[in-house]
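Peer 1: need coordinates for the below:
(2 chains)
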Protein chains: 2
Amino acid sequence: MTTASSPATPTAVDRVLAGDVRVAARLMRDIDDRTAASRAALKALHPHTGRAYIVGITGNPGAGKSTVVDALIAHYRAAGDKVGVVAVDPTSPFSGGAILGDRIRMQRHFTDDGVFIRSLATRGHLGGLSRSTFDVVAVLDAMGYQRILVETVGVGQDEVEVMKAAHTSVVVTVPGLGDDIQAIKAGILEIADVLVVNKADREGADRTERDLMHMLDLRAAGERKDVEIIRTIANRGLGNGSGIAELAQAIERHREVAWTGEGGATRATLRAAAQVAELVRGLLADRVEAALAARGGLRDVAAEVVARTTDPWSLAEAVVGTL
Amino acid sequence: MTTASSPATPTAVDRVLAGDVRVAARLMRDIDDRTAASRAALKALHPHTGRAYIVGITGNPGAGKSTVVDALIAHYRAAGDKVGVVAVDPTSPFSGGAILGDRIRMQRHFTDDGVFIRSLATRGHLGGLSRSTFDVVAVLDAMGYQRILVETVGVGQDEVEVMKAAHTSVVVTVPGLGDDIQAIKAGILEIADVLVVNKADREGADRTERDLMHMLDLRAAGERKDVEIIRTIANRGLGNGSGIAELAQAIERHREVAWTGEGGATRATLRAAAQVAELVRGLLADRVEAALAARGGLRDVAAEVVARTTDPWSLAEAVVGTL
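Peer 2: Okay, the predicted model is just below:
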């Protein structure tokens, strides 16, 4: 390894721009580690971004999101597009273990150099998942992947944050889930641009679609948004199952409506604003760590709260005051 | 309404300490609104906290968490304890709608003035759920509720954060969930002090318990922790179902092991440290908002990122530089 391959150098940036997968993978690790070099590289890559179309895929656990992703990859590859995949797991603070299964499932694409798959776990960075997602998506974008799929495992607030990096958010559900899951959908439904009823050959698909339409009607009172509901039976292996071409078409229709003209410009600005806000939060978190370290570490300080010689609010104000 | 009932005044603090539910509810609304008055009240209440035992309850959607909470309330009430409940919904950024169902389910306790139930949604505050949870728990603690149950709807990173406010974390699961849900458990399992297999009369309870034991064994290599697995069949209405007394006993055993002696003191400090960190993050977020407003708002600034005359990282650094 030569020094020229470090992500900070112009050569490394050039290599990423030329689509060098190894240098890109190293840069993504540096992004995870929050190095200054990765930040410099991201700044240099930014003028080369903005070409990729980014599709977020979230939904209920068990709905078959990764099968849908798998089928979409095959669909876009057949159309000649290069595809980047970011598999985000907010439920795994410790390692990428929980998404290993997904990676194995997607392995039929591993030998295809038109497909780049990258996993992201939280790694203990609070609220940093959205930030890392934006950064990794930017690298894939600059590398020339025309389609970028961002997949998340669940349906929580983290997923809502991560989906801010996407142009079109696809929410995948499935017939036969319980009441609690219906309730969860109320939150995630707000961000859906396209809804997918996967495993649509299962009993109850009609009812699920009716329920979704009903929920969409309910929210129409607030902000009216046309959301298509697509039925899929996503398969692995040979063929892509039914409904995948229709899903891809629905995504294209949303792209036309949402991301062209004046509305598209507004949306692009809001997306950039979300990213900057995320980066600012991250930079401040680093400062807080430094400020706490200067006070002898958070743990020593917190002992005063337990002894009740001070209270958490006064202490927090004192820490912020030293910044 | 007299000025004396404002949460900022000593009288209001005294009323909360005396258990006044109306003044407490008003204070909790002020906490949601992040008012200076609520901060002052929380500082004044802090010396009166530290007596309640806080149990967090999380787990898979559909596992029957709120039924378990309902049965635990009845159990603790029968033992003569006052019970506070905080129902946290990280999936609902817009309103408490998704947890309305839970509130209705728990309504048999609404007429019992030994039970105080409060819902928390995200309300657009990024990462602020854990902060609000700590604050609301502190109010309930100061009011003299001996048992505080913190219930969350899902199994994401938000839930992991929220559980930092608890002394004992109970993770509820149920037989017959799919593969993806098994994967999610890998993340949430790390925070479990007690595991519950609810609806244990369902087919597959043995297998679920075996799977959980296997997963516990797998993690033993890292940090060994004794986690009891309790089977419950939680009922609503008459009786509390089977296994609830056993669950309460398991919680007490964890309390003995984890929260007494030197280990307990360390844990208390770590818990306070988590709270202070959360508060610091919140205070900084407020500052960022002010700094961005001074630059003409985030949206105007973000247009430069879209035009690619600057990049998100340089812009974020500039914003932080003005703080």
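Peer 1: avg pLDDT for the host helix or strand of A:A71?
Peer 2: For A:A71, the enclosing helix or strand under DSSP states H and E is helix A:65-78. Throughout helix A:65-78, pLDDT has a mean value of 92.
Peer 1: following element in sequence after it, please.
Peer 2: The element immediately downstream of helix A:65-78 (helix or strand, assigned by DSSP H and E) is strand A:83-89.
Peer 1: and stretch A:289-309, what's buried?
Peer 2: A:291-292, A:298, A:301-302, A:304-306 (16 or more other C-beta atoms under 10 Å in any protein chain shown). Placement of C-beta: from N, CA and C, glycine included.
Peer 1: how far off helix B:261-294 does the longest helix along chain A point, in degrees?
Peer 2: Longest helix of chain A, by residue count under DSSP state H: helix A:261-294. Angle between the axes of helix A:261-294 and helix B:261-294 is 140 degrees (criterion: axes from the mean of the first three to the mean of the last three C-alpha atoms, to 10 degrees).
Peer 1: and helix A:261-294, what does it pack against?
Peer 2: On a contact count with 3 or more C-beta pairs under 8 Å, 6 or more residues apart in numbering or on different chains; DSSP states H and E, helix A:261-294 meets helix A:129-143, helix A:244-258, helix A:312-321, helix B:261-294, helix B:298-306, helix B:312-321.
Peer 1: tell me the most buried of those helices?
Peer 2: Compared across the helices and strands packed on helix A:261-294, helix A:129-143 shows the largest average neighbour count, a mean of 25 (mean count of other C-beta atoms under 10 Å in any protein chain shown).
Peer 1: ok, and does it reach over to chain B?
Peer 2: Yes: Helix A:129-143 is in contact with chain B by C-beta under 8 Å from any C-beta of the partner chain, via A:129, A:134.
Peer 1: that helix: how far from the chain's middle?
Peer 2: 9 Å (C-alpha atoms, centre = their mean, to the nearest Å).
Peer 1: do stretch A:15-25 as well
Peer 2: Centroid separation between stretch A:15-25 and its chain, computed with C-alpha atoms, centre = their mean, is 21 Å.
Peer 1: in it, what's buried?
Peer 2: A:15-17, A:20, A:23-24.
Peer 1: any low-confidence regions in the stretch 1-150 of chain A?
Peer 2: Scanning the stretch 1-150 of chain A for pLDDT under 70 picks out the ranges A:1-10, A:90-111, A:122-128.
Peer 1: could you look up the SS state of A:S119?
Peer 2: Here A:S119 is recorded as strand under DSSP: H, G, I helix; E, B strand; the rest coil.
Peer 1: that one contacts A:L129, correct?
Peer 2: No: counting by C-beta atoms under 8 Å, A:S119 does not reach A:L129; the two are 11.7 Å apart.
Peer 1: give me the common contacts of the two.
Peer 2: Residues touching both A:S119 and A:L129 (C-beta atoms under 8 Å, 6 or more residues apart in numbering or on different chains) are A:V88.
Peer 1: can you pull out the low-pLDDT segments for the stretch 201-323 of chain A?
Peer 2: When residues are selected by pLDDT under 70, those of the stretch 201-323 of chain A lie in A:218-224, A:236-240, A:323.
Peer 1: residues from it in reach of chain B?
Peer 2: A:265, A:268-270, A:272-273, A:275-277, A:279-285, A:287-288, A:292, A:298-299, A:301-303, A:305-306, A:308, A:311-317, A:319-320, A:323.
Peer 1: for the residue nearest to A:V257 when sequence neighbours are not counted, phi and psi?
Peer 2: Nearest residue to A:V257, sequence neighbours excluded (C-beta to C-beta, 6 or more residues apart in numbering or on different chains): A:D226, at 7.4 Å. Note on A:D226: its backbone torsions stand at phi -80, psi 120 [degrees, to the nearest 10].
Peer 1: A:D226 and chain B, how far apart?
Peer 2: Per C-beta to the nearest C-beta, to the nearest Å, A:D226 is found 19 Å from chain B.
Peer 1: can you map out the helices along the stretch 101-250 of chain A?
Peer 2: A:129-143, A:157-162, A:179-189, A:205-220, A:244-258 (DSSP state H, counting those that start in this stretch).
Peer 1: phi, psi of A:R51?
Peer 2: When read as degrees, to the nearest 10, the backbone of A:R51 gives phi -100, psi -30.
Peer 1: report the contact partners of it.
Peer 2: A:R51 touches A:141, A:144, A:146, counting by C-beta under 8 Å, 6+ apart.
Peer 1: closest to chain B out of those residues?
Peer 2: Within the contacts of A:R51, proximity to chain B (C-beta to the nearest C-beta) peaks at A:D141, which comes in at 12.2 Å.
Peer 1: how about the contacts made by the closest one?
Peer 2: By C-beta under 8 Å, 6+ apart, A:D141 lies in contact with A:48-52, A:54, A:84, A:148.
Peer 1: contact partners of stretch A:189-208?
Peer 2: A:58-59, A:63-64, A:67-68, A:160, A:163, A:168-176, A:209, A:212, A:215-216, A:219, A:225, A:227-234, A:242-243, A:247, A:250-251, A:254, A:258, B:93-94.
Peer 1: part of a strand, is A:R39?
Peer 2: No: looking at A:R39 with three-state DSSP, it is helix, so not inside a strand.
Peer 1: next one: it from A:K82, what distance?
Peer 2: Distance, A:R39 to A:K82, by C-beta to C-beta, to the nearest Å: 25 Å.
Peer 1: can you check A:V16 too?
Peer 2: Taken as C-beta to C-beta, the span from A:V16 to A:K82 is 14 Å.
Peer 1: how is chain A partitioned into domains?
Peer 2: A:1-48, A:50-259, A:260-323 (automatic domain parsing).
Peer 1: reformat those domains as a markdown table; add distance to B:A192.
Peer 2: Output for the domains of chain A, formatted as a markdown table (distance: least, C-beta to C-beta, whole Å):
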| stretch | distance to B:A192 |
| --- | --- |
| domain A:1-48 | 27 |
| domain A:50-259 | 13 |
| domain A:260-323 | 23 |
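Peer 1: now A:R131, nearest residue through space, not along the chain?
Peer 2: A:E278 (4.5 Å).
Peer 1: contacting residues for that neighbour?
Peer 2: Neighbouring residues of A:E278 by C-beta under 8 Å, 6+ apart: A:127, A:130-131, A:134, A:161, A:164.
Peer 1: how far away is the nearest residue to A:R295 once chain neighbours are set aside from A:A165?
Peer 2: Spatial nearest neighbour of A:R295, excluding adjacent residues (C-beta to C-beta, 6+ apart): A:V301 at 5.5 Å. Here A:V301 is placed at a distance of 35 Å from A:A165 (C-beta to C-beta).
Peer 1: can you check A:L212 too?
Peer 2: Counting by C-beta to C-beta, the gap from A:L212 to A:A165 is 24 Å.
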